[in-house]
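[1] mind looking at a prediction? Sequence and model below.
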Amino acid sequence: MNLFVVGLDHTSASVEVRECLAFSTTDLPSALTQLTAKHEGVAPLFDEAVILSTCNRVEIYGITSDDDLDVKQAVVEFLADFHNLDEEQFASSLFCSQGDEAIFHLFETTAGLRSLVLGEAQIQGQVRKAFNMAQRLRSATTVMPRLFVQAINTGRRVRNETNLGCGAASVSQAGVELARHRFGSLEGCCVLLVGSGQVSELAAQNLIANGADDLLVVNRTYENGLDLAARYGARAMHFEDLIDAMAMADIVISSTAAPSTVIHRAHAEAALQRKLALFHEQHMQHSALELQPELLLIDLAVPRDIDTDVMELAGVHLCTVDDLQEVVQKTLAQRTSAIAAARQIIAEEFDTFQAWLRSQDTLPILSSWRQQAEALRSAELKRAMRHLESLSPEQQYVVEAFSRSLVNKLLHEPTLRTRHAAATGEGKRYAAMLRDLWEL
């Protein structure tokens, strides 16, 4: 069995590359099916697979019984075919880890050690969501469920038992801190949230915590935007009124799940013009030459929500998830002392998973042994019953129950010892002995 992860993240690929390889929620079913389902009698590419796709990473976790398979190249070809890309566009950005390294990679990722914002809380929910999707589609059936449950438990322990989650704990919070650093204070600022998902919700929470009291929400589905606005005392506007909303805002934080950009140069240009007109209505004594309206755009989406050509406009400042390094470095300095404690938890959870994984080595031989014992029990019981025809049904039941109990008790202790041996790395030796002694 070869357990692996192939992917890229913010450390190995730019946002331009990441957005090309991102999987939307609607993409995932067909992608997982392509990876793990039989096609016209052809064996699946992988035995199990989970796809983790977030704004900062695209990672494919898989298991294959084909030890000769070049898993990295297989994933490269899959990604190129699925996203209609040339391999040269992204292959050099991919990393590949196998075996223990892949397990550690997942545990560190879920704990937030590999996040752009160290210790961010969002990643645990994203890992759980990716795993749940794979389970529903039956692409995670045997080893993956135990692996991901262990990983999620690792993340929970790190957050509960260390201070790794102190400071900017999500991309949303880092974006809000970036805005606060630019403006000094968010009090009196009008902030527009484009999108109504989890990132926008976290942004709303952090904005309010940092003093922002004038929030707007624009969403393609107005009702969803209205719900978010109601929860945080914000004003909801229709998506058709995006330019008007931008004109009212000092800061725009966009995080939709759209497959392509939703805010273009024309939006920003029109918003600046309306912002200037609004100012003149309120302050007639100023001339246009004395004013340069400004707009801070923070794009937290991957694929990106905002066209980069908005930066050509005077007064427009655009930040993406790759521009959060200043906030990240500050967070890193605050959390360095918690990293060692987090790694100790990861090591403990890794050992627990490895013990379980080793125990699986003996499952086939123990199953064969019990099947053989059951076959012998059944045959001997039938032979005995031919000489005990005078027994009542109740008596026959007692004899059969006795035979089952006897076999189970005889096998119980050797089974426990074999499983324990497997957990300590001796499983293959015990399996070989059982195979030899019982001719399995």
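    Received the coordinates, thanks. Residues are numbered from 1 along each chain as shown.

[2] output the contacting helices and strands for the lengthiest helix in the chain.
    For the chain, the helix with the greatest residue count under DSSP state H is helix 325-359. Counting contacts by 3 or more CB pairs under 8 Å, 6 or more residues apart in numbering; DSSP states H and E, helix 325-359 packs against helix 100-111, helix 143-161, helix 171-183, helix 393-423. For every residue, glycine as well, the C-beta is placed using N, CA and C.

[3] got the angle between the second one and helix 325-359?
    Angle, helix 143-161 to helix 325-359, by axes from the mean of the first three to the mean of the last three CA atoms, to 10 degrees: 130 degrees.

[4] if we can go back for a sec, would you mark the buried spots in the helix or strand just after the longest helix of the chain?
    Later in the chain than helix 325-359, the nearest helix or strand by DSSP states H and E is helix 363-385. Under the neighbour-count criterion of 16 or more other CB atoms under 10 Å, helix 363-385 has 365-366, 369, 377, 381 buried.

[5] same question, stretch 240-250
    Using 16+ other CB under 10 Å as the test for burial, stretch 240-250 gives 242-250.

[6] quick one: distance of it to the chain centre.
    Distance of stretch 240-250 from its chain centroid, counting by CA atoms, centre = their mean, to the nearest Å, is 33 Å.

[7] all helices for the stretch 1-150 of the chain, in order.
    Under the criterion DSSP state H, counting those that start in this stretch, helices of the stretch 1-150 of the chain are mapped to 15-21, 28-36, 71-83, 100-111, 122-136, 143-161.

[8] so, low pLDDT: which residues of the stretch 301-440 of the chain?
    331-332, 334, 427 (pLDDT under 70).

[9] again, only using 80
    For the stretch 301-440 of the chain, the stretches flagged by pLDDT under 80 are 325-337, 359-367, 418-434, 436-440.

[10] could you give the angle of the longest helix of the chain to helix 363-385?
    30 degrees.

[11] identify each buried residue in helix 325-359, please.
    Applying a neighbour-count criterion of 16+ other CB under 10 Å, one finds 327-328, 331-332, 334-335, 338-339, 342-343, 345-346, 349-350, 353, 357-359 buried in helix 325-359.

[12] okay, and Leu278 sits in which element?
    With elements taken from DSSP H and E, the one containing Leu278 is helix 265-282.

[13] what does that helix contact?
    Residues outside helix 265-282 that contact it (CB atoms under 8 Å, 6 or more residues apart in numbering): 242-244, 246-249, 286, 288, 291, 293, 295, 297, 307, 309-310, 312-313, 315-316.

[14] ok, the residue nearest the centre of the chain - contacts?
    The chain has Val127 as the residue nearest its centroid, 2.9 Å off, counting by CA atoms, centre = their mean. For Val127, the contact set (CB under 8 Å, 6+ apart) comprises 52, 106, 109-110, 148, 151-152, 155.

[15] cool, Asn163 as well?
    Counting by CB under 8 Å, 6+ apart, Asn163 makes contact with 335, 337-338.

[16] ok, it to Thr64 distance?
    39 Å (CB to CB, to the nearest Å).

[17] Cys190 now?
    Taken as CB to CB, the span from Cys190 to Thr64 is 53 Å.

[18] one step back: quick one: which of the buried residues of stretch 240-250 sit in helices?
    Applying DSSP H to the buried residues of stretch 240-250, the entries found in helices are 242-248.

[19] export those as TSV, with columns for pLDDT and distance to Gln122.
    Shown next, in TSV, are these (pLDDT from 0 to 100; distance: CB to CB, whole Å):
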residue	pLDDT	distance to Gln122
Leu242	97	26
Ile243	96	30
Asp244	95	31
Ala245	96	25
Met246	97	26
Ala247	95	31
Met248	95	28
